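1. coordinates only, no sequence provided:
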Ligand code: NAD
């Protein structure tokens with residue numbers, strides 16, 4: 001009998017929580033659970049999701065202990081896995097991440113652009129806090145972190161908590177694999193094998209085969225060169241108009257290097273002019289999310305609470321999030337399965353900074369990760385990655401040292417900011433917008 005696990009979702013008030021819990025319940029046969037906890041520092045936001053899930057679990061899985069809490073001791077004691085999905089500052093601050101840079105003629109981009117750098121300065125402290133709670137109350141546990149901006153958070157934990165049991169992972173390449181599987185007539189992304197290298201939201205597939213080793217790249221390239229990723233199936237979180245535009249634009253991103261299949265986020269660096277022309281500064285991604293996913297998820301939960309029952313209710317499963325269960329199983333049962341993770345390079349890309357947090361395939365087992373060497377990378381990608389990894393490292397240095405100068409350098413070096421002058425004006429506005437969240441910069 002497989003051991004039953006105890007998990008806590010940190011950022012329990014996240015719009016992704018019901019989908020993640022639904023996915024976990026759907027996978028109990030291979031990942032049995034004895035306890036599910038939600039932890040958040042916003043009691044009111046989490047309560048709606050917590051109450052609804054409490055009703056649902058009591059009706060469908062009374063054998064699983066369920067609590068939602070804002071008390072770190074209660075949240076992190078006796079857990080095997082921490083699933084971290086924080087957004088420090090919530091959508092109110094995401095709104096500023098996206099809109100303040102637009103006032104300066106720059107893309108906000110809430111992961112790797114200036115908005116992401118602002119978000120990174122807020123997130124480092126939040127993620128370290130969760131990691132410290134885990135180490136205090138359940139030192140044997142693993143943290144599976146998919147909080148954004150993943151690249152900056154990963155660099156911060158590499159520098160500041162080098163011995164922590166944390167694995168940083170992103171779902172974007174999985175969504176792309178879903179689409180690529182569909183392009184070649186396969187049903188599941190797990191039916192593909194792949195090679196990939198880059199930074200988070202900044203990478204390239206170099207090989208895609210089926211499980212028998214047949215090369216699928218020619219068919220996929222043909223498809224992407226005409227349609228991008230636009231007409232493939234995908235996950236429900238990526239259906240808004242801005243995502244459809246991103247998936248279509250991938251064909252122009254692909255054109256820059258027809259040897260590889262790119263991550264869609266590269267459009268922000270290659271075609272910032274296009275992105276600016278297609279952005280309404282009064283209505284950005286965050287507005288789509290608030291009008292769509294946030295409203296739907298909280299409405300769904302409120303409905304269960306009002307009726308006092310989850311009878312007849314179906315949770316929209318976050319099916320692609322099964323990678324989280326696969327990862328937890330790999331750690332618990334030493335499966336040595338292959339995952340695309342954000343890890344310290346350490347020679348896996350020999351012609352790239354060994355201390356960079358790169359996104360590469362790794363094997364995962366009981367003792368953690370083993371990198372799969374991706375070989376030497378071409379000049380084009382190397383140049384782009386060197387610039388971006390420097391931006392990310394400078395943000396972390398700015399946070400650690402409280403350095404205005406380093407944050408100005410980070411923004412100046414970002415491919416989406418046109419000059420040091422704009423970077424400085426933008427930085428001053430971001431400091432104002434993030435009062436109370438950023439460390440003081442001098
Ligand atoms: P959300 O605002 O709905 O939820 C985030 C929750 O985190 C909120 O309830 C908030 O109160 C909580 N929180 C913030 N700071 C906290 C702290 N210090 N301690 C405890 N809780 C805290 O946001 P969302 O859109 O659902 O996204 C959540 C996170 O998951 C984001 O970082 C998002 O980018 C990330 N995400 C990552 C992936 C991936 O695969 N990398 C996919 C989807 C979402």
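-> Ah, there it is. This structure is a prediction, so every number in the text was calculated from the model and none was measured.
2. was I right about residue 85 contacting residue 16?
-> Yes: counting by CB atoms under 8 Å, residue 85 does reach residue 16; the two are 5.6 Å apart. All C-beta spots, glycine's among them, are computed from the backbone N, C-alpha and C.
3. leaving out chain neighbours, which residue sits closest to residue 357?
-> residue 154 (4.3 Å; CB to CB, 6 or more residues apart in numbering).
4. distance between the host helix or strand of the one you found and the chain's centre?
-> Using DSSP states H and E, residue 154 falls within helix 150-160. Helix 150-160 sits 13 Å away from the centroid of its parent chain (CA atoms, centre = their mean, to the nearest Å).
5. what of stretch 19-28?
-> For stretch 19-28, the distance to the chain centre is 18 Å (CA atoms, centre = their mean).
6. contact partners for the residue of the stretch 151-300 of the chain found nearest the ligand?
-> Using CB to the nearest ligand atom, the closest approach of the stretch 151-300 of the chain to the ligand is made by residue 171 at 3.2 Å. Residues in contact with residue 171 (CB atoms under 8 Å, 6 or more residues apart in numbering) are 146, 235, 320-321, 323.
7. got it, and residue 38?
-> Going by CB under 8 Å, 6+ apart, residue 38 touches 8-9, 12-13, 17, 46, 49-50, 53, 67-69, 75.
8. so it, which of the three states?
-> Three-state call for residue 38 (DSSP: H, G, I helix; E, B strand; the rest coil): strand.
9. what helices or strands is the helix holding residue 154 leaning on?
-> helix 114-137, strand 142-145, strand 166-169, strand 337-344, strand 357-365, helix 379-401 (3 or more CB pairs under 8 Å, 6 or more residues apart in numbering; DSSP states H and E).
10. nearest to the ligand, out of these?
-> helix 114-137 (3.6 Å).
11. buried stuff in the one helix or strand in the chain whose mean pLDDT sits lowest?
-> Lowest on mean pLDDT, DSSP states H and E among the helices and strands of the chain sits helix 241-255, with a mean of 87. By neighbour count on 16 or more other CB atoms under 10 Å, the buried set for helix 241-255 is 242-254.
12. out of those, who's nearest residue 178?
-> Nearest to residue 178 among the buried residues of helix 241-255: residue 247, at 11.5 Å, using CB to CB.
13. so that closest one touches residue 262, yeah?
-> No: with contact defined as CB under 8 Å, residue 247 does not reach residue 262; the gap is 11.7 Å.
14. quick check: residues of the stretch 101-250 of the chain near the ligand?
-> 126, 129, 146-148, 150, 170-171 (CB under 6 Å from any ligand atom).
15. from those, keep the buried residues only.
-> Buried by 16+ other CB under 10 Å: 126, 146-148, 150, 170-171, out of these.
16. tell me which two of those residues sit farthest apart.
-> Farthest-apart pair in these is 126 and 171; separation 19.5 Å (CB to CB).
17. contact partners for the residue of the chain found nearest the ligand?
-> Residue nearest to the ligand within the chain (CB to the nearest ligand atom): residue 13, separated by 2.7 Å. Neighbour list for residue 13: 38, 40, 42, 45-46, 48-49 [criterion: CB under 8 Å, 6+ apart].
18. same check, this time on residue 87
-> Contact analysis of residue 87 by CB under 8 Å, 6+ apart lists 11, 14, 93-94, 123, 147-148.
19. same check on residue 425?
-> Listed by CB under 8 Å, 6+ apart, the contact partners of residue 425 are residue 104.
20. name the nearest residue to residue 12, ignoring sequence neighbours.
-> What sits nearest to residue 12 in space, not counting adjacent residues and going by CB to CB, 6+ apart, is residue 38, at 2.7 Å.
21. quick one: pLDDT of the one you found?
-> Note for residue 38: predicted pLDDT of 98.
22. mind checking how far it is from residue 76?
-> The gap separating residue 38 from residue 76 is 12 Å, by CB to CB, to the nearest Å.
23. what touches both of those two?
-> What both residue 38 and residue 76 touch, as defined by CB under 8 Å, 6+ apart, is the set residue 8.
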